[in-house]
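Visitor: Sharing a sequence plus its predicted fold:
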Protein chains: 2
Amino acid sequence: MPNKIISMAVIRRLPKYHRYLKELLDNGIHRISSKELSEIIGFTASQIRQDLNNFGGFGQQGYGYNVGALYGEISKILGLDKKYNAILVGAGNLGQAIANYSGFRNAGFEIKALFDANPKIIGLKINYFDILDPEDMETFIKENNIEILIICIPKNGAQVLAERAIKAGIKGIWNFAPVDLKVPNGIIVENVNLTESLFTLSYLMKEEY
Amino acid sequence: MPNKIISMAVIRRLPKYHRYLKELLDNGIHRISSKELSEIIGFTASQIRQDLNNFGGFGQQGYGYNVGALYGEISKILGLDKKYNAILVGAGNLGQAIANYSGFRNAGFEIKALFDANPKIIGLKINYFDILDPEDMETFIKENNIEILIICIPKNGAQVLAERAIKAGIKGIWNFAPVDLKVPNGIIVENVNLTESLFTLSYLMKEEY
């Protein structure tokens, strides 16, 4: 892989390419031009060529893209050719929704346990997941080679939780708490902020009507 | 409001300003310079001045921003000074997590009912929400002045659902199904694609390690 800096805008488009290429494969389509791909994905053909050129230029002039090869390459670029062990803290509705989404497991993300501070559910199994005591999180991270922490607790407590997990060895955080975590260099945080998304919707609706 | 086109990048930063300004107010801070704001939010001071200038320039040279006034203005810009009626379709874990998040209601988004195709739960009440039959969605939208459809069903069925709701009169869609909805001009769609977010995390982790 190039050491060249790829912009976040390009990176954020890659999962979309991945998704559409998978659909093409599922429909038995093995070859596609940037123009056809453009019609399906909604990016311009020139944007598509430019995006994919960032990663070495997969297309052949006059032939187009080999869908399977491109899908495989983008999977690799996204790091989906390896497995990740994850834990999830906060086994409420949101936490359970995420834990039970089979698509994440199929893509190589395995949630090894859920943690929740509610003593009424600690020790139970919910849909095959053990609910463990957050007190035991550090030991679990170390013993199970956990790389990803998924935070599904409210914002209070999220920062302290992240710090504890980082100390224990996790490398990435998928954060659903509405707070900007402060983490050391080298630790990756990806936020899903539902309120920000909803407020964007209301802004755009207000502008339209 | 200006008719000037504001870039999506600026718009997506506004909810973050809104969140931090709320925290400042909650902490009794009523005046702040762009430099101080920069230290808290993590954007550069010049970015902050530029962003806020898009909406008329709130700050005063040498005084800084009046936190309460700025918070109020940004709330208005985001369309949070009005109320929205919403319905949510798909009352699984994710749907329930969203329906029960009090922050949305406090911000003016009121979910009037949940819809789910599962006959076992139609007619029940879950946490004060009536679970209704999706067959009755159009009537409900019309009779209750519903503007926002929240889609929490899997991708199959999301497009048809959106079309039915649009025909019945909704203006905005908050879409959690991993599919790009095709909608007429003037209908706003805001997507939350969890898989795309997770794949971005794995890309960044792969680059780091």
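Guide: Looks like it came in fine. Numbers count the residues shown, from 1 in each chain, chains lettered A, B, ... in the order given.
Visitor: what's next to the lowest-mean-pLDDT helix or strand in chain A, contact-wise?
Guide: Least confident helix or strand of chain A, by mean pLDDT, DSSP states H and E, is helix A:102-106 with a mean of 87. The contact list for helix A:102-106, computed with Cβ atoms under 8 Å, 6 or more residues apart in numbering or on different chains, reads A:98, A:111, B:178, B:195, B:198. Every residue, glycine included, has its C-beta placed from N, CA and C.
Visitor: Which stretches in chain A count as strands?
Guide: For chain A, the strands defined by DSSP state E occupy A:31-32, A:65-66, A:84-89, A:109-115, A:125-126, A:129-132, A:148-151, A:172-175, A:188-191.
Visitor: Of the ones you listed, give the one that comes closest to residue B:25.
Guide: strand A:188-191 (22.4 Å; Cβ to Cβ).
Visitor: count of neighbours near residue A:11?
Guide: 18 (other Cβ atoms under 10 Å in any protein chain shown).
Visitor: Now do the helices in chain A.
Guide: For chain A, applying DSSP state H gives helices covering A:8-26, A:34-41, A:45-53, A:67-77, A:93-99, A:102-106, A:137-143, A:158-168, A:194-208.
Visitor: so does the first one get close to chain B?
Guide: Yes. In this structure, helix A:8-26 sits against chain B according to Cβ under 8 Å from any Cβ of the partner chain; the contacting residues are A:11, A:12, A:14, A:15, A:16, A:18, A:19.
Visitor: Now do the contacts for residue A:149.
Guide: Residue A:149 neighbours (Cβ under 8 Å, 6+ apart): A:86, A:87, A:89, A:141, A:161, A:162, A:165, A:170, A:172, A:173, A:174.
Visitor: filter those residues down to the ones near chain B?
Guide: A:172, A:174.
Visitor: Could you point out which of the contacts of residue A:149 is nearest to chain B?
Guide: residue A:172 (4.5 Å; Cβ to the nearest Cβ).
Visitor: residues contacting the closest one?
Guide: A:84, A:147, A:148, A:149, A:187, A:188, A:189, A:190, B:201, B:202, B:204, B:205.
Visitor: circling back to that earlier point, now do the buried residues in the least confident helix or strand of chain A.
Guide: residue A:104 (16 or more other Cβ atoms under 10 Å in any protein chain shown).
Visitor: likewise stretch A:144-152?
Guide: Neighbour count says stretch A:144-152 has A:146, A:147, A:148, A:149, A:150, A:151, A:152 buried, by 16+ other Cβ under 10 Å.
Visitor: Most widely separated two among those residues?
Guide: A:147 and A:152 (17.3 Å).
Visitor: that older thread, next, format the contacts of residue A:149 as a markdown table and append pLDDT.
Guide: Compiled in a markdown table, the contacts of residue A:149 are given as follows (pLDDT from 0 to 100):
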| residue | pLDDT |
| --- | --- |
| A:86 | 98 |
| A:87 | 98 |
| A:89 | 98 |
| A:141 | 98 |
| A:161 | 98 |
| A:162 | 98 |
| A:165 | 98 |
| A:170 | 98 |
| A:172 | 98 |
| A:173 | 98 |
| A:174 | 98 |
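Visitor: With distance to residue B:50 as extra columns, can I get the contacts of residue A:149 in CSV?
Guide: Shown next, in CSV, are these (distance: Cβ to Cβ, whole Å):
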residue, distance to residue B:50
A:86, 38
A:87, 40
A:89, 37
A:141, 41
A:161, 34
A:162, 31
A:165, 36
A:170, 36
A:172, 31
A:173, 30
A:174, 31
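Visitor: Closest to residue A:29 out of the contacts of residue A:149?
Guide: residue A:174 (31.7 Å).
Visitor: Next up, the contacts around the closest one.
Guide: Residue A:174 neighbours (Cβ under 8 Å, 6+ apart): A:86, A:148, A:149, A:150, A:151, A:190, A:192, B:197, B:198, B:201.
Visitor: distance of the closest residue to it other than its chain neighbours from residue A:68?
Guide: Distances taken as Cβ to Cβ, 6 or more residues apart in numbering or on different chains place residue A:150 nearest to residue A:174, at 4.6 Å, with adjacent residues excluded. To residue A:68, residue A:150 is 31 Å away according to Cβ to Cβ, to the nearest Å.
Visitor: Equivalent analysis for residue A:144, please.
Guide: Residue A:144 is 34 Å from residue A:68, by Cβ to Cβ.
Visitor: same thing with residue A:91?
Guide: 38 Å.
Visitor: higher neighbour count, these two?
Guide: Neighbours per residue, other Cβ under 10 Å: of residue A:91 and residue A:68, the larger number sits with residue A:91, 25 against 14.
Visitor: That one against residue A:122, yeah?
Guide: No. The pair residue A:91 / residue A:122 is not scored as a contact, 9.5 Å apart, by Cβ atoms under 8 Å.
Visitor: any residues in contact with both of the two?
Guide: In contact with both residue A:91 and residue A:122: A:116, A:131, using Cβ under 8 Å, 6+ apart.
Visitor: Quick check: can you list the domain ranges of chain A?
Guide: A:8-77, A:84-196 (automatic domain parsing).
Visitor: Present those as TSV; the columns should include distance to residue B:73.
Guide: Formatted as TSV, those follow (distance: least, Cβ to Cβ, whole Å):
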stretch	distance to residue B:73
domain A:8-77	28
domain A:84-196	18
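Visitor: weakest of the ones you listed in terms of mean pLDDT?
Guide: Set side by side, the domains of chain A give their lowest mean pLDDT on domain A:8-77, at a mean of 89.
Visitor: Distance from the chain centre to that one, please.
Guide: Mean C-alpha position of domain A:8-77 versus that of the full chain (Cα atoms, centre = their mean, to the nearest Å) differs by 19 Å.
Visitor: Give me the distance between the two termini of that domain.
Guide: 14 Å (Cα to Cα, to the nearest Å).
Visitor: next one: stretch A:88-100
Guide: 11 Å.
Visitor: who's in contact with it?
Guide: Taking Cβ under 8 Å, 6+ apart as the rule, stretch A:88-100 contacts A:104, A:111, A:113-116, A:118, A:121, A:126-127, A:129, A:131, A:134, A:137, A:149-153, A:161, A:176, B:92-94, B:96-97, B:100, B:194.
Visitor: Could you tell me how many residues sit around residue A:20?
Guide: Count around residue A:20 with other Cβ under 10 Å applied: 19.
Visitor: What of residue A:204?
Guide: For residue A:204, using other Cβ under 10 Å, the count is 19.
Visitor: Can you check the pLDDT for it?
Guide: 94.
Visitor: Just to check, it is in contact with residue B:188?
Guide: Yes. The pair residue A:204 / residue B:188 is scored as a contact, 4.5 Å apart, by Cβ under 8 Å.
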